[in-house]
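A.B. asks: here is my input; please provide its structure:
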Amino acid sequence: MSIRIYGNRAIKTLPGQATRPTPAKVREALFNIWQGRVSGCRWLDLCAGSGAMGAEALCRGASVVVGIEQSGSACRIVQTNWQTVAKPEQTFHIIRGEVGKKLQGLTLAPFDLVYFDPPYSAGLYGKVLKTLIQKSLLTAGAIVAAEYTPEHWQPESLEGLKLQRTKRYGLTNLAFFDAQ
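C.D. replies: Numbering: from 1, shown residues only. Predicted coordinates:
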């Protein structure tokens, strides 16, 4: 199975909904909001799934893209997808493992833009967002976007991360936080 990203490029996805790719409408909206910030940025893709968001960031000129994904088969797809779209001057890394644990030892920081799309019911939101701050994984002025459903999480500001706004795109919601 495949989906299309920026520049009408096809990337692979795992069959079924195990990695629940971010809908094209949401990807387009996010990159429209962040236009002008992606080129040259350091991008962190948490719960990377198919790697579509990181692939979009690479296509739009991110200098570094790092993804964390628990599924081994998804990591292989992400590696393939990012190799397909990355230019020689761009670097990328996919890290396999549980996002909370892998963030604890992440040495590739800090990041300018973070996209966080966890399994909605996994209860990862607070833990992961706090870790981003506690481990100094964000640059000054970094922005974090978290995909969620209101049934599983209600976004709110945290010490070091200020909730700026929420947006709804059909069944998908995004919460935008500014690093303080």
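A.B. asks: what residues does stretch 82-91 touch?
C.D. replies: 5, 9, 11, 51, 54-55, 58-59, 62-65, 67, 92, 94 (Cβ atoms under 8 Å, 6 or more residues apart in numbering). Quick note: C-beta positions are derived from backbone N, CA and C, even for glycine.
A.B. asks: which one of these sits closest to residue 37?
C.D. replies: Ranked by distance to residue 37 (Cβ to Cβ), the contacts of stretch 82-91 are led by residue 62 at 9.7 Å.
A.B. asks: list the contacts of the closest one.
C.D. replies: Counting by Cβ under 8 Å, 6+ apart, residue 62 has contacts 38-43, 54, 90, 113.
A.B. asks: on that earlier part again, buried subset of the contacts of stretch 82-91?
C.D. replies: The neighbour-count test (16 or more other Cβ atoms under 10 Å) marks 5, 11, 51, 54-55, 58-59, 62-65, 67, 92, 94 as buried among the contacts of stretch 82-91.
A.B. asks: close enough to count as contact, residue 112 and residue 36?
C.D. replies: No - using Cβ atoms under 8 Å, residue 112 makes no contact with residue 36, being 11.9 Å away.
A.B. asks: of the two, which one has the most company?
C.D. replies: Taking neighbours as other Cβ atoms under 10 Å, residue 112 and residue 36 compare with residue 112 leading, 22 against 6.
A.B. asks: quick one, phi psi at the closest residue to residue 38 other than its chain neighbours?
C.D. replies: Excluding its sequence neighbours, the residue lying closest to residue 38 (Cβ to Cβ, 6 or more residues apart in numbering) is residue 60, at 4.4 Å. With angles defined as degrees, to the nearest 10, residue 60 sits at phi -100, psi 10.
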